[in-house]
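Engineer: fold the following and give me the result.
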Amino acid sequence: MEQLHMATNPNEASNWQRFEVRALQGFAEHLLSRAGLRTEQAQLVAQTLVEADLLGHTTHGLQLLAAYLRDIESGRMTVEGEPEVVHDHPGAVTWDGRYLPGPWLVHKAMQLAFDRVKAQAVVTVVIRRSHHIACLAAYLKHATDRGLVMLLSCSDPAVASVAPHGAMAGRYTPNPIAAGFPTDGDPVLIDISASTTTNGMTARMNRAGTGERLPGPWLVDNRGEASDDPRVMLADPPGAILPLGGMDLGYKGFALGLLVEALTGGLAGASRGNAEKRWGASVFLQVLDPAAFGGRDAFVASTGWLAQSCRTAPVKPGQPAVRLPGERALALRERQRSSGVALHPDVMPSLAPFAQRWSLAIPGFL
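Structural biologist: Predicted structure coming up:
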């Protein structure tokens, strides 16, 4: 969520280390290749993880790489073969991802959609049993750079960490909703969770063991009380993450979370009722071509006008101007491409054992 990234802004964290983008991506590619991924898979997974860190989504970038490497090693991530085609209609495709690398599957699905959308106007690809797909925002510019609109969501039918509104135990996942669309300037890039925070953030805070609290009461403990203490997720029985809106307005986030469940696991046929207990994802990806509707020029004129109108909306004296979704991330991306990618201090230590095993040099920080 955007407010969470603001609280962990890599430009404001003095103990974070910076690395040159190409060196970092090359290092990640080599690790994934040595672990067993094919060259194209390793390149796309590494590219997606580094892109997430460039955009400031630090819990869903290279923070995930050590877990991916462990899953390759244990067989929980499949490295051979292709996704199984379950259904293939011109504008609606369903794949069984067979737990192949998630970012690679999403890139394949995007390319299929980009190829077909010229004739179909709208193309939807759903994937069941994908491995984890990392940061949703990292995919959006591939569509907006082509003048297309893209919607992307995912859920994990094997995990239940978000409580329904009014409950105190988890029943589904944070269920992010991402969307990108072009304007007459920078695109609008949306990546939000239907929950107050993410599993990645609470897990990172609990690994640190410092007693750090969340910025607000975004969790519910096993007594039904709102809490800012990530340790409630480790209790027996565990607490849960609140839906977006918290105790007061969480019915809105709960509704969005249910919608994502229907679009991902529902459409893909990956029911929570019979899910394998294996870390993975059900994915919904939809690409729309504005040219097939009111026309591409009309679309960007409309979105561009709205973007500028929002930016120039009056604010309270002394407050910053309105910022559109993705604006901060794109600016951070450009800065980090030249000044280096900032990584959380526990990322490289988590990768050091793999580098040592395969005699790979860890990139020097800037």
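Engineer: and for E20, the neighbour number?
Structural biologist: 17 (other CB atoms under 10 Å). C-beta coordinates here come from the backbone N, C-alpha and C atoms, glycine included.
Engineer: now it, what are its backbone angles?
Structural biologist: Note on E20: backbone dihedrals following degrees, to the nearest 10 are phi -70, psi 140.
Engineer: any chance you could map the strands in the stretch 201-350 of the chain?
Structural biologist: Ranges of strands within the stretch 201-350 of the chain are 219-220, 226-227, 240-241, 281-288, 341-343, based on DSSP state E, counting those that start in this stretch.
Engineer: so which residue is dead centre in the protein?
Structural biologist: Nearest residue to the geometric centre of the chain (CA atoms, centre = their mean): C135, 2.4 Å.
Engineer: tell me the pLDDT of it.
Structural biologist: C135 carries a pLDDT value of 97.
Engineer: same check on P10?
Structural biologist: pLDDT, read off for P10, is 53.
Engineer: which residues are in contact with the longest helix along the chain?
Structural biologist: Criterion DSSP state H: the longest helix present in the chain is helix 102-120. Helix 102-120 has contacts (CB atoms under 8 Å, 6 or more residues apart in numbering) with 40-41, 44-45, 47-49, 83, 90-91, 93, 95, 97, 123-125, 127, 130-134, 138-139, 142-143, 146, 148, 150, 152, 280-281, 283, 285-289.
Engineer: looking at those residues, which are in helices?
Structural biologist: Using DSSP H to define helices, the subset of the contacts of helix 102-120 located there is 40-41, 44-45, 47-49, 138-139, 142-143.
Engineer: what subset of those is buried?
Structural biologist: 41, 44-45, 47-49, 138-139, 142-143 (16 or more other CB atoms under 10 Å).
Engineer: and the helix or strand hosting A28, what does it pack against?
Structural biologist: Here A28 sits within helix 21-35, counting by DSSP states H and E. Packing partners of helix 21-35 (3 or more CB pairs under 8 Å, 6 or more residues apart in numbering; DSSP states H and E): helix 39-54, helix 65-74, strand 341-343, helix 347-357.
Engineer: could you rerun that using 6 Å?
Structural biologist: Counting contacts by 3 or more CB pairs under 6 Å, 6 or more residues apart in numbering; DSSP states H and E, helix 21-35 is packed against helix 39-54, helix 65-74.
Engineer: could you redo these as TSV and give each row mean pLDDT?
Structural biologist: Listed next are the helices and strands packed on helix 21-35 as TSV, based on pLDDT from 0 to 100:
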stretch	mean pLDDT
helix 39-54	98
helix 65-74	97
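Engineer: who wins for proximity to L244 among the ones you listed?
Structural biologist: Taking CB to CB, helix 39-54 is the member of the helices and strands packed on helix 21-35 nearest to L244, at 20.6 Å.
Engineer: if we can go back for a sec, return a ChimeraX selection command for the buried portion of the contacts of helix 102-120.
Structural biologist: Burial among those is assessed by 16+ other CB under 10 Å; the matching ChimeraX selection reads:
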select :41,44,45,47,48,49,83,91,93,95,97,123,124,125,127,130,131,132,133,134,138,139,142,143,148,150,152,280,281,283,285,286,287,288,289
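Engineer: report the contact partners of G147.
Structural biologist: 182, 296 (CB atoms under 6 Å, 6 or more residues apart in numbering).
Engineer: now the strands of the stretch 201-350 of the chain as CSV including distance to G265?
Structural biologist: Written out in CSV, the entries for these read as follows (distance: least, CB to CB, whole Å):
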stretch, distance to G265
strand 219-220, 23
strand 226-227, 28
strand 240-241, 18
strand 281-288, 4
strand 341-343, 32
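Engineer: thought A240 was touching A163?
Structural biologist: Yes: contact criterion CB atoms under 6 Å: A240 and A163 qualify, at 3.8 Å.
Engineer: what touches both of these two?
Structural biologist: Joint contacts of A240 and A163 (CB under 6 Å, 6+ apart) are 170, 220.
Engineer: please identify the helix or strand for the nearest residue to R278 once chain neighbours are set aside.
Structural biologist: Of all residues not flanking R278 in the chain, A158 sits nearest, at 5.6 Å (CB to CB, 6 or more residues apart in numbering). Assessed by DSSP H and E, A158 sits outside every helix and strand.
Engineer: what's the pLDDT at A158?
Structural biologist: 90.
Engineer: ok, R272 next?
Structural biologist: 84.
Engineer: kindly report the same for A208.
Structural biologist: pLDDT at A208 comes out at 87.
Engineer: what about the residue lying closest to it once chain neighbours are set aside, distance to L324?
Structural biologist: Closest residue to A208 apart from its sequence neighbours, by CB to CB, 6+ apart: D346 at 7.5 Å. Using CB to CB, to the nearest Å, D346 is found at 32 Å from L324.
Engineer: circling back: nearest to A301, of the strands of the stretch 201-350 of the chain?
Structural biologist: Judged by CB to CB, the one of the strands of the stretch 201-350 of the chain that comes nearest to A301 is strand 281-288, at 16.9 Å.
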